[in-house]
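**Student:** Please find the sequence and the predicted model below.
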Amino acid sequence: QVQLVESGGGLVQAGGSLRLSCAASGSRGSFDTMGWYRQNPGKQRELVATITSAGSTNYADSVKGRFTISRDNVKNTVYLQMNSLRPEDTAVYYCNAEDIGPDWGRYNYWGQGTQVTVSS
């Protein structure tokens, strides 16, 4: 059973920094793309950043230059370093992982979410 355990959310003032972590376990094969998404009440979940197992990254325009995604393939852990935080970054942040099963099928999993609140 795949599990994603997130940590690192909290309350920070505008201009501050936070680092999110997401530890994945239970893969039936290997984890490929991992990433972070965020969501506010009444709004759609949106991509923040993703990283493949080879290290290729993708960022939302709104976080480019401020956020950095990285991963440790040995620990199956993905990180999101968030700098220069803005009030509009406030959201619940969700970890996502794509598991490649023994049948070569790709299966998507989500973490439980961690709240990030940026005060002005």
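**Tutor:** Everything's here; your move. Note that the structure is predicted; figures quoted are calculated from it, not measured.
**Student:** so how far is stretch 35-48 off the chain centroid?
**Tutor:** Centroid separation for stretch 35-48 versus its chain: 10 Å, with CA atoms, centre = their mean, to the nearest Å.
**Student:** Looking at it now, give me its mean pLDDT.
**Tutor:** Summarised as a single mean, pLDDT over stretch 35-48 is 97.
**Student:** First-to-last residue distance for that stretch?
**Tutor:** In stretch 35-48, first residue to last residue: 8 Å (CA to CA, to the nearest Å).
**Student:** Any idea how many residues pack against residue 102?
**Tutor:** Using other CB atoms under 10 Å, residue 102 has 7 other residues around it. Using the backbone N, CA and C atoms, a C-beta is placed for each residue, glycine as well.
**Student:** so it makes contact with residue 30?
**Tutor:** No - here residue 102 lies out of contact with residue 30, judged by CB atoms under 8 Å, at a distance of 10.1 Å.
**Student:** Overlap in contacts, the two.
**Tutor:** Among the neighbours of residue 102, none is also in contact with residue 30 (CB atoms under 8 Å, 6 or more residues apart in numbering).
**Student:** for the most far-flung residue of the chain relative to its centre, helix, strand, or coil?
**Tutor:** Computed with CA atoms, centre = their mean, the maximum C-alpha offset from the centroid of the chain is found at residue 103, amounting to 25.8 Å. What DSSP: H, G, I helix; E, B strand; the rest coil gives for residue 103 is coil.
**Student:** Adjust the sequence numbering to begin at 6 for everything that follows.
**Tutor:** Right, with 6 as the first residue, what we last looked at is residue 108.
**Student:** For my notes, confirm residue 52 occurs in a strand.
**Tutor:** Yes - Residue 52 forms part of a strand when assessed by three-state DSSP.
**Student:** Beta-bridge partners for it, please?
**Tutor:** Counting by DSSP bridges, residue 52 is bridged to residue 42.
**Student:** before we move on, what about the one 4 residues further on?
**Tutor:** Beta-bridge partners recorded for residue 56 (DSSP bridges): residue 39, residue 62.
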